[in-house]
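>>> Requesting a structural model of the entry that follows:
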Amino acid sequence: MLTLGLDKYEDIFRPLLFRLPAETSQNIAEYALRHQWLWRGLGPITTHRDKQLESEYCGIKLKNPIGLAAGFDKNCEMIPSLANLGFGYLTVGTVTEEPRAGNTKPRLLRIPEQRAILNALGFPGTGLVKAAHRLEEVQHLTKSVPIVVSISGTTEDQIVRCHRRLEPICSAVEINISSPNTAGLKVFQQPDNLTKLLDAVNKRREHPLAVKLPPFVASNSSDGAAQRDSVLALAKVCNSAGIDAVTIANSLPTKDPRMAVGMGGMSGKPIFNDMLDMVRTVRSEIGTSPAINACGGIFTGQDAADALSAGATTVQLYTGMVYRGPWIANKIGRELSYQMQSRGFRSLDQFRVDAAE
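Here you go, the predicted structure:
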């Protein structure tokens, strides 16, 4: 059965799921993953074991550098099952203080010809209290698969309260200041406001902290240059504040009349090359620290190798799992091992040396 799942998802299961509306398929996947007995015990089988893939992220030991991005498990309900799929770490959420219904439907769209997803969900979720309860129930799993919790809000106090409640029961926290689908977040894309937010969080912080940055598109236009400079200014704020990592980057704001709100965030293959450019640019600007999580269009081991060579510490994915299936971390792990062998590399650090030279 495992072999069938690994080899046949794209031929058998994906075509069936893709006959349904995107959010319906997502709900089916979530339903299956909430039943942890279906996935229990698969970890030793689905995890690609290779000592050379072992890594470290902000002092957290990882069995591989392949992370699940925020947005898949918004309510922290599927962690036991996801922990058995071979990821080096899981990013769950995004958690907000109060429950949210999200945006009006339709708000999720697949674009198969581009291997992309357009997402205008707008942080639907059950809120901080329920997320904290679920995380407390699975806290023991952090010993084998680190759990990073994505949090957000539209005020400094909301984010600080989420951080203080969740930080003790997870491995690290990622602050999302960049969702293109949520009104109010852009306030933290002003350097002064981000500085104040990070100062407030740092007052009682003990675990690693990451900030998820907005994207910019490689362009010689004045608008493109201004966007680039804006993101670099935020990266510098994070560096000055002693933040442990930045995630590069969130989905790309894209207008589309098929969405109820008229736009959404593009993720998947169309943003991969821009993501690589962002990683290189930010890494050259901030130096060897903080860590960089490359997020955007990671589908294969070659993609992961390219991101590491560009200066990333880890990679994160979501859309790739929709297109390649639940065993994608296993597949990428095997492909990344092959990339290392073909280049004569013995550790992931050799990719990063390439980036620095």
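
>>> Quick one: end-to-end distance for stretch 101-121.
Using C-alpha to C-alpha, to the nearest Å, one end of stretch 101-121 lies 9 Å from the other.

>>> buried residues in that stretch?
By 16 or more other C-beta atoms under 10 Å, the buried positions in stretch 101-121 come out as 102-103, 106-111, 115-121. Any C-beta I mention is one placed from the backbone N, CA and C, and that applies to glycine too.

>>> Likewise for stretch 283-300?
For stretch 283-300, the neighbour count (16+ other C-beta under 10 Å) marks 283, 286, 290-300 as buried.

>>> what about the spatially most central residue of the chain, distance to residue 249?
Note on the chain: the residue nearest the mean C-alpha position is residue 69, at 2.2 Å, using C-alpha atoms, centre = their mean. To residue 249, residue 69 is 11 Å away according to C-beta to C-beta, to the nearest Å.

>>> who touches both of these two?
Residues touching both residue 69 and residue 249 (C-beta atoms under 8 Å, 6 or more residues apart in numbering): residue 295.

>>> returning to what we had before: taking the buried residues of stretch 283-300 one by one, which sit in helices?
The helices, defined by DSSP state H, take in 283, 286 from the buried residues of stretch 283-300.

>>> what's the nearest residue to residue 317 once chain neighbours are set aside in contact with, if anything?
In space, residue 317 comes closest to residue 298 once its chain neighbours are excluded; the distance is 4.3 Å by C-beta to C-beta, 6 or more residues apart in numbering. Counting by C-beta under 8 Å, 6+ apart, residue 298 touches 272, 304, 307, 315-317, 320, 332.

>>> distance between stretch 17-32 and the chain's centre?
20 Å (C-alpha atoms, centre = their mean, to the nearest Å).

>>> CA atoms of that stretch as CSV?
The C-alpha trace of stretch 17-32 is given here as CSV (Å, rounded to 0.1, in the frame of the first residue of the first chain):
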residue,chain,number,x,y,z
LEU,A,17,-9.2,14.7,-6.1
PHE,A,18,-8.7,17.3,-8.9
ARG,A,19,-12.2,16.5,-10.2
LEU,A,20,-13.5,18.2,-7.1
PRO,A,21,-13.3,21.9,-6.1
ALA,A,22,-10.0,22.7,-4.5
GLU,A,23,-11.4,23.4,-1.0
THR,A,24,-13.5,20.2,-1.1
SER,A,25,-10.4,18.2,-1.9
GLN,A,26,-8.5,20.0,0.9
ASN,A,27,-11.3,19.1,3.3
ILE,A,28,-11.1,15.5,2.3
ALA,A,29,-7.4,15.4,2.9
GLU,A,30,-7.8,17.1,6.3
TYR,A,31,-10.5,14.5,7.2
ALA,A,32,-8.2,11.7,6.4
